[in-house]
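>>> pasting the sequence and the predicted coordinates here, then a few questions.
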Amino acid sequence: MPVRPVSVGERIKRREDPRLIRGLASYTDDLKLHGGLHAAFVRSDYAAGKIDKIDTSRALARKGVVAVYTFDDLRGKVGRTPCVARPEPGRDAEHPLLADGFVRWVGQPIAVVIAEDRYVARDGALDVSVDISPLPAVVDLRRALEPSAPRVYADHKDNIALHIPRSNNPEVEKLFAEADGIVKLEIINQRVAPVSMEGRAVLASWDEGPQKLTLWTSTQVPHLVKQSVAQCLGLSEIRIRVIAPEVGGGCGAKIPVYAEECLLPWISKELRRPVKWSETRTENLMGTTHGRGHLHEIEGAYKKDGTLLALRGRVISDCGAYPSFFGASIATFTPLMMPGCYRVKAVDVEVVVVYTNTMATDAYRGAGRPEAAYTVERVLDEVAVATGLDAVEVRRRNFIPKSAFPFTTATGAIYDSGDYEASLAKALERFDYPAARAKQAKARAEGKLVGIGVATFTEICGLGPSTGASPIQRTGSWESGMVRVEPTGNVVITTGASPHGQGQETAFAQMAADAFGIDVNDVEVMHGDTDVVTHGVGTFGSRGLVVGGTAVHMALQKVTAKASRIAAHLLDAKPDQVTFDGESFRVAGSERKMTFRQVAEAAHLWNVPIPGEEPGLEAVARFEPTGTTFPFGAHFCEVEIDPDTGEVALTRYLAVDDAGKIVNPLLADGQRLGGIIQGLGQAMCEEVVYDESGQLLTATLMDYAMPKAHMFPRIELDSTCTPTHLNPLGAKGIGELGTIGSTPCIVSAVLDALRPRGVKSIDMPLKAERVWRALAEAKR
Amino acid sequence: MIPENFEYFAPRTLSEATALLAQKPDAKLLGGGMSLIPALKHRLAAASALIDLGRVPELEGISDKRGKIVIGGRTTHRALTTPGEFVDVHAIHETAGSIGDVQVRNRGTIGGSLVHADPAADWPAVFLALDGEAVVVGAKGERTIPAAQFFTGMLASAPKHDEVLTEVRLTVERKRAGTAYVKMRQPASGFAIVGVAAQVTLDRGGRIERASVGVTGVNSMPFRASALEKRLIGQTPDAASLRKLCARVEEADPMEDMHASSEYRAHLAGIYAMRALAAASSRAAR
């Protein structure tokens, strides 16, 4: 019998938005320190080459230039670019903070110019002359695997960064032998750029008095930055404070700790002045990690009834020129998630992560799982074509049934909970699938190219336990939460998660408001400052609520328990007689009660000491997940293709997602919409393009095509709710779901539209010319 | 994306602007800055001085003079998107409305776009199709440049360094006539992969009496599809005929880049010519 309306589950508007919309928020680049200097980087124009000479004299002579550094200044003084997913010795590469004799990708930092303002710094960077003898570069993945290919690292025996061979599972071969048919696909999951609204930005300030570095950086993982920078610079981590102020998006690219984040602190310490750098959009497109970049060769064995028996093949993943923070480990999620939401009996997929002379790749919204979902959905669509069954029916026949959860997949993933039939059924009803197919048939009869797409999918969220991360990844999977109650009963929460657009300040305040019966506005949520927050991991992998929120929940419970004990003492009752009704602590069977605020005051005044308790009301908790959650969804869409030009128009999109229990449906919808449009971007227009020599052709937003509002209709959203038992919130994670569903859904619709004209396969992005060519070639 | 140092001038009158231009041989005129500023930031262009025309009111405005629509060189795209008194000149507001986004349309100007002569800009198509003229004023006086002589190469146009484009004049047929502009957007930049403007005049029998077709985005310079224009005379503008007549655009000598091959651009020139002509014809028939 709650006495006040509960906040969790309400569509409360983001408390972050007023300051962000009104321009009252401070991002790293907004911060100005007295005596601050500015950095500009000299970057490689060549994808591969030997540095013959660097002449910095002209830059040093320029008025306003304070210093110029090259690798020679750093040699022996700093470590490598941070990496927690290191390839094995012989395949690992020590990526220096500035190029050491060789350059391996266009955009690699070679020198850094420090000046009194950013204009002079840029002028100074252009003054630096670098003589490079170009070497042959390798860009194409298959070419990189050939023995004759140029090697990104001359001292390596090949270009392979990580190799997980096929297990030669006899079960797979047996299933392929028993199959009624085999579908064989070659799938390109093209390289994309995260393009966060705010680019990367770093401000480092070494304070010689207290011997302390403050590092403001646009990151998803301030605590990992602290640890990594300490290690790289040989500085004690207690001498470092990392602050992630407002962070304008990340989508994975702000997990890696970059060379610039290590270099600026070192320079600040050398010069004893603050130094700032904010990347330009071109630097963002060439020097911030990219995502995807997979090539899959995949075979699926099926039965005539549409059953998908087994998958085998090879995942080739583009590492880029060096192993970024998590970079080399991302592709290891792909075979793990290859079964999707289906009862595939066996999977045997080789993983090859390949160095190329391009920017490094790393996590990108979904990180390894979308690549798997896209491939298995393409396989199922082909099974539908081969068996003559409806694409929806094929999926339904392969679903892991609700009764089978928790379910261990053929690849060893333990799915916590699921009800794929429920989300599919709801989606079919909302989409009115039979009517949509009837309308399609009519449109086809009129010569129109109309297609209906479907994708049913699941993914991993809230990775854990810490012991079970990717084989080569070295980070913990837990998260921290702290709850501090002020004497008034107002509450401060700190979280080790580092939200950068997700809205956890709002969601966590809602949780605290319900826990203590106070107003949402009486809760402050702080994050992103390593001197304020106890240890933490960060925000990525849809873990903010699932792991970070659970830690906050645990801390709230600890505080409630202590408050309850204090109330019991003050109310002259035994602790087990006291219950909290959402507003007050009450003694069972009596009128005696105390509000939460009264307890808070008593806990701080301590006029009446409570035996066995310390004063104050505060708790820290850490949540270590015992397993990962697997949210899921069913997406449908409709496209119409212009046969004259190949232009694809998305005419309808429906998503029915299941992320378990939802704290704030408005925030959840925002995550889903953003995700769906991001996935649409990959399907329709986004692609990082390097030419054969490794020059980046998509170095500005005049050439790198982001999705725009005119490209999609109003997205219809609905949901089902299948809670997880792995955390007390029942939350399964939502950040990456939309992206994972929408890419295969849109491609499924386009192929559905094109198949009657004889088109069998097409690669992303579905640019008009590519579709037009596919139609023209099928006609021949 | 950080420019070099430059001087900045904001003249209040046209004569002040032309006097400054005459004094500063390395100066560039700043219209809305939608192309020049990014070029400076990327250091693809350099200028020792910028002369901002933003405070010269005499360069702005739209009027109808002796059957010609006269648009001040500094008039923003935005001002030309709203139909207003030119409600029947679809090609003008369709062109203006298809440029960039709201922010770009609020700043970018018709004169700036024409003088910059980006081969994928939108205004050149309608400028050519509506038999445009540009009035330019320099220290030595005023001259008029017909559209056919305006574009001189990729990113090159006829106005000289010391001249300011003051007026754009467009000829609009009013009787049994219609206009249209259609384009395919380059997905990243929004510029035209192909853009076609058409003006069609019909005879009393509903056949094409005169057609003019301007094409942008395809060649390194915008052009008139003259062979097609000739073919169209006397034809009925029904869908099947237009498709046949537009199967080829003879003047197309397309560029090729990662956004579209030359083969595709050539194909699109025909398709979009057909669409522009169909829209203009149906408006003419009303």
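Sure, I can see it.

>>> C-alpha only now, for contacts and for neighbours.
Fine.

>>> what residues does the stretch 151-300 of chain A have near chain B?
A:T280, A:R281, A:T282 (C-alpha under 8 Å from any C-alpha of the partner chain).

>>> and of those, the nearest to chain B?
Distances from chain B to these, taken as C-alpha to the nearest C-alpha, are shortest for A:T280 (6.0 Å).

>>> could you measure from that closest one over to B:R176?
Distance, A:T280 to B:R176, using C-alpha to C-alpha, to the nearest Å: 52 Å.

>>> and A:L309, by the same measure?
67 Å.

>>> the two - which one has more neighbours?
A:L309 (23 against 19; other C-alpha atoms under 10 Å in any protein chain shown).

>>> my guess is that one meets A:K345, correct?
Yes. The pair A:L309 / A:K345 is scored as a contact, 5.5 Å apart, by C-alpha atoms under 8 Å.

>>> quick check: A:D52 is in a strand.
Yes. Counting by DSSP: H, G, I helix; E, B strand; the rest coil, A:D52 is part of a strand.

>>> OK, contacts around it?
Contact partners of A:D52, counting by C-alpha atoms under 8 Å, 6 or more residues apart in numbering or on different chains, are A:G101, A:V130, A:D131, A:I132, A:S133.

>>> and for A:Q557?
By C-alpha under 8 Å, 6+ apart, A:Q557 lies in contact with A:A515.

>>> show me where pLDDT drops low in the chain?
Assuming you mean chain A. Applying pLDDT under 70 to chain A flags the ranges A:1-4, A:468-474.

>>> oops, chain B please
Those would be B:85-87, if you go by pLDDT under 70 across chain B.

>>> around chain A, which positions in it sit nearby?
B:M1, B:I2, B:P3, B:E4, B:N5, B:P187, B:A188, B:S189, B:A260, B:Y264, B:L268, B:I271.

>>> show the buried residues in those residues.
Buried subset of these (neighbour count, 16 or more other C-alpha atoms under 10 Å in any protein chain shown): B:M1, B:I2, B:P3, B:E4, B:P187, B:A188, B:S189, B:A260, B:Y264, B:L268, B:I271.

>>> please name the nearest non-neighbouring residue to the second one.
By that I understand B:I2. Leaving out its chain neighbours, the residue that sits closest to B:I2 by C-alpha to C-alpha, 6 or more residues apart in numbering or on different chains is B:K41, at 4.6 Å.

>>> returning to that earlier point: and the contacts of A:D52 as JSON lines, adding secondary structure and neighbour count?
As requested, the contacts of A:D52 are exported to JSON lines (DSSP: H, G, I helix; E, B strand; the rest coil; neighbours: other C-alpha atoms under 10 Å in any protein chain shown):
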{"residue": "A:G101", "secondary structure": "coil", "neighbour count": "15"}
{"residue": "A:V130", "secondary structure": "strand", "neighbour count": "18"}
{"residue": "A:D131", "secondary structure": "strand", "neighbour count": "13"}
{"residue": "A:I132", "secondary structure": "strand", "neighbour count": "19"}
{"residue": "A:S133", "secondary structure": "strand", "neighbour count": "14"}
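
>>> how about chain A, which residue sits the furthest from its center?
In terms of distance from the mean C-alpha position of chain A, A:S590 ranks first, at 51.8 Å (C-alpha atoms, centre = their mean).

>>> quick one: secondary structure of that one?
Under three-state DSSP, A:S590 comes out as coil.

>>> and it, how far is that from A:R312?
68 Å.

>>> next: A:T334.
Here A:T334 is placed at a distance of 12 Å from A:R312 (C-alpha to C-alpha).

>>> equivalent analysis for A:D519, please.
For A:D519 relative to A:R312 (C-alpha to C-alpha), the value is 55 Å.

>>> same check on A:G476?
Distance, A:G476 to A:R312, using C-alpha to C-alpha: 31 Å.

>>> what of A:W216?
A:W216 is 46 Å from A:R312, by C-alpha to C-alpha.

>>> A:L264 now?
Applying C-alpha to C-alpha to A:L264 and A:R312 gives a distance of 46 Å.

>>> okay, A:D519 and A:R312: which has more neighbours?
Between A:D519 and A:R312, counted using other C-alpha under 10 Å, the more crowded position is A:R312 (24 against 15).

>>> alright, I will stop here.
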